[in-house]
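>>> 3D model of this:
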Amino acid sequence: MRSIWNGNISFGLVSIPIKLFNATENHAISFRQIHTADGGRIRYRKVCELDEQEVQSADIGKGYEDADGSIIPITDDDLAALPLPTARTIEIVAFVPLASIDPLQMDQAYYLSANGVPAAKPYTLLREALARSRKVAIAKFALRGRERLGMLRVVDDVIAMHGLLWPDEIRQPEGIAPEGNVTVRDAELDLADTLMDTLGEVDLATLHDDYREAVEELIAAKSENGGAISPSATEKSGGDAQVIDLMAALENSVRAAKSSRGEQPDTPSAAGTVTELKPRKKAAAKKTTTTAKKPTSSPAKTTKTATTTKASTTKASTTKASKASTAKKAPAKKAPARKRTPA
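Numbers count the residues shown, from 1 in each chain. Okay, here's the model as predicted:
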């Protein structure tokens, strides 16, 4: 790594020559601005407003714009000549517990390295003193044209320094908290505690940037195919989704967390609205169905008997009517005529 600053740590009357290194790096994917019509790069040129000429970086300095719009030039030599003890020194002003530092104040992180063999002994002394006291050192230092606040702590075998924002640089959270009187029940808090215990801890080293990996895959696919990429199969969740039943959501979250860890989820309590069908309900339904199928005569058999009886009745009626009709239509037999005797 390349050091970005050289100076000293002022520890009372002890001075420790050190080098400053960036402790973090940015892995975010950067994009270039292009002309969408032809893909040409869009570049910004630095042009002087007076002569309208492009200026190189080596010819660009600092200047402060006054209230009347005039520019007051400020050089690096002017800043270096300021009577500040922190211009080249990290001045330790106090030692405090780590819990007294608001995480909102933490900024860029750096590693401090002993600069040279003579600095190894006082560097190690400060490192061991910090480790044994279980405290952090609060210091002031100047970097990149401004004085800053820092916190020194031990990380493995080195001293790390976190840049801190000044207290007046932290905004107050006015108007951000939920409005109105919101009440949380003890049962909901108990479920939240259970969910926290179930999720447990995580090894931060196992976490990674899923978005960056997806962008890298997108770039690789476009580079190989030159075409559009099919959308992800994952459905997008609605941004306006609301939790209707907080208890049910907490219970489901606990069961899902236990299942993901291979644990047997507990039976859901009656507090939530989401319930599962129990086996005894299925048995009751089966019993009801069996009872319904237990009449003395089956519907098919009853229908068949009724149809046969109806057909027999219809046949008898038809036969009787036919005989009556035949009797009515048959001609009556004439009596034989008597033979007349001549007188």
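
>>> Going by C-alpha atoms from here, please, whenever you check contacts or count neighbours.
Will do.

>>> Now name the helix or strand holding Arg45.
Using DSSP states H and E, Arg45 falls within no helix or strand.

>>> how many neighbours does it have?
Using other Cα atoms under 10 Å, the number of residues around Arg45 comes to 10.

>>> I figured it hits Glu54, correct?
Yes - contact criterion Cα atoms under 8 Å: Arg45 and Glu54 qualify, at 6.6 Å.

>>> what are the ranges of the helices in the stretch 1-150 of the chain?
With helices called from DSSP state H, counting those that start in this stretch, the stretch 1-150 of the chain shows them at 76-80, 120-133.

>>> same check, this time on the stretch 151-300 of the chain
Counting by DSSP H, counting those that start in this stretch, the helices of the stretch 151-300 of the chain are 186-199, 210-225, 246-260, 279-292, 299-329.

>>> Which residues lie in contact with the nearest residue in space to Gly40 that is not next to it in sequence in this structure?
Nearest residue to Gly40, sequence neighbours excluded (Cα to Cα, 6 or more residues apart in numbering): Ile34, at 5.3 Å. Contacts for Ile34 (Cα atoms under 8 Å, 6 or more residues apart in numbering) come out as Gly40, Arg41, Ile42.

>>> let's go with 10 Å and repeat that
Gly40, Arg41, Ile42, Arg43 (Cα atoms under 10 Å, 6 or more residues apart in numbering).

>>> Same check on Lys140?
Taking Cα under 10 Å, 6+ apart, we find Lys140 in contact with 9-10, 85-87, 89-93, 147-151, 163-164.

>>> Among the residues you listed, which ones are in strands?
Assigned to strands by DSSP state E, the following of the contacts of Lys140 qualify: 9-10, 89-93, 147-151, 163-164.

>>> quick one: which two of those residues are the most distant?
The span of these, defined through Cα to Cα, is set by Ser10 and Leu164 at 18.0 Å.

>>> Those two: which has the busier surroundings?
With neighbours defined as other Cα under 10 Å, Ser10 and Leu164 compare such that Leu164 has more, 23 against 19.

>>> So what sits opposite that one in the bridge?
Met106, Leu149 (DSSP bridges).

>>> Make 843 the starting number, not 1.
In the new count, where the first residue is 843, that last one comes out as Leu1006.

>>> Distance check, it against Ala951.
Here the distance between Leu1006 and Ala951 works out to 9 Å (Cα to Cα, to the nearest Å).

>>> For stretch 1019-1034, what does the pLDDT average out to?
Stretch 1019-1034 shows a mean pLDDT of 88.

>>> er, stretch 994-1008 actually
Stretch 994-1008 comes out at a mean pLDDT of 95.

>>> pLDDT below threshold where in this protein?
For the chain, applying pLDDT under 70 flags the ranges 927, 1068-1086, 1107-1185.

>>> which one of the helices of the stretch 843-992 of the chain lies closest to Thr1048?
That would be, of those and by Cα to Cα, helix 962-975, which comes in at 26.8 Å.

>>> What helices and strands are in contact with that closest one?
Using 3 or more Cα pairs under 10 Å, 6 or more residues apart in numbering; DSSP states H and E, the elements in contact with helix 962-975 are strand 847-853, strand 856-864, strand 931-939, strand 948-956, strand 977-985, strand 988-997, strand 1000-1006.

>>> What residues sit buried inside that helix?
Buried positions in helix 962-975, judged by neighbour count with 16 or more other Cα atoms under 10 Å: Pro964, Tyr965, Thr966, Leu968, Arg969, Glu970, Leu972, Ala973.

>>> residues in contact with it?
So helix 962-975 is in contact with 851, 853, 856-860, 937-939, 954-957, 976-979, 994-1002, going by Cα under 10 Å, 6+ apart.

>>> out of the helices of the stretch 843-992 of the chain, nearest to Glu907?
Closest to Glu907 of these is helix 918-922 (Cα to Cα; 16.3 Å).

>>> OK, contacts around Ser898?
Quick fix: residue 898 reads Gln, not Ser. Contacts for Gln898 (Cα under 10 Å, 6+ apart) come out as Arg887, Lys888, Val889.

>>> again, only this time at 8 Å
Under the criterion of Cα under 8 Å, 6+ apart, the contact list for Gln898 reads Lys888.

>>> And Tyr952, by the same measure?
Tyr952 neighbours (Cα under 8 Å, 6+ apart): Leu862, Phe863, Asn864, Ala865, Thr866, Ala1002, Met1003, His1004, Gly1005.

>>> now do 10 Å
846, 861-866, 992, 994, 1001-1005.

>>> Now which of the residues you listed would you call buried?
By 16+ other Cα under 10 Å, the contacts of Tyr952 give Lys861, Leu862, Phe863, Asn864, Gly992, Leu994, Ile1001, Ala1002, Met1003, His1004, Gly1005 as buried.

>>> circling back: in a markdown table, list the helices and strands packed on helix 962-975 along with distance to Tyr1053.
Converted to a markdown table, these look like this (distance: least, Cα to Cα, whole Å):
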| stretch | distance to Tyr1053 |
| --- | --- |
| strand 847-853 | 33 |
| strand 856-864 | 24 |
| strand 931-939 | 36 |
| strand 948-956 | 23 |
| strand 977-985 | 33 |
| strand 988-997 | 29 |
| strand 1000-1006 | 27 |
